[in-house]
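*Asks:* Mind looking at a prediction? Sequence and model below.
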Amino acid sequence: MAIGLLATITVEEGKNEEFEKAFLALTEQVRANEPGNLFYILHRSQANPQVYKVMEQYESAEALDAHGKADYFREANKVLGTLVAAAPEIELLDTV
């Protein structure tokens, strides 16, 4: 069964452009290297431009686990972590 993930990320004021650039570079890596990833999409809130939502879906829990262990993911998170106001809120979802 496919598994979804919704991440809510709040970015520090003035860091949006840098965050988006780093995240979109990560997105390219995910799409190129993770056949178990069905989609990986960044959205910016219209109500609060400092808030982003990442919608992700994976073929399986194993594919999601592999995503979190990928070297490029870990490296990107080192950069992204310097741009956010707090730890992301993560919600795992079962596909219906």
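*Replies:* Nice, I can see it.

*Asks:* now for the helix or strand that contains Ala63, which elements pack on it?
*Replies:* Using DSSP states H and E, Ala63 sits in helix 61-69. When contacts are defined as 3 or more CB pairs under 8 Å, 6 or more residues apart in numbering; DSSP states H and E, helix 61-69 sits against strand 3-10, strand 51-58. C-beta here means a position set from N, CA and C on the backbone, and glycine is covered the same way.

*Asks:* show me the contacts for the closest residue to Ala7 other than its chain neighbours.
*Replies:* Nearest residue to Ala7, sequence neighbours excluded (CB to CB, 6 or more residues apart in numbering): Val54, at 4.2 Å. Going by CB atoms under 8 Å, 6 or more residues apart in numbering, Val54 touches Leu5, Leu6, Ala7, Ile9, Phe23, Tyr40, Ile41, Leu42, His43, Pro88.

*Asks:* Nice, that's everything, thank you.
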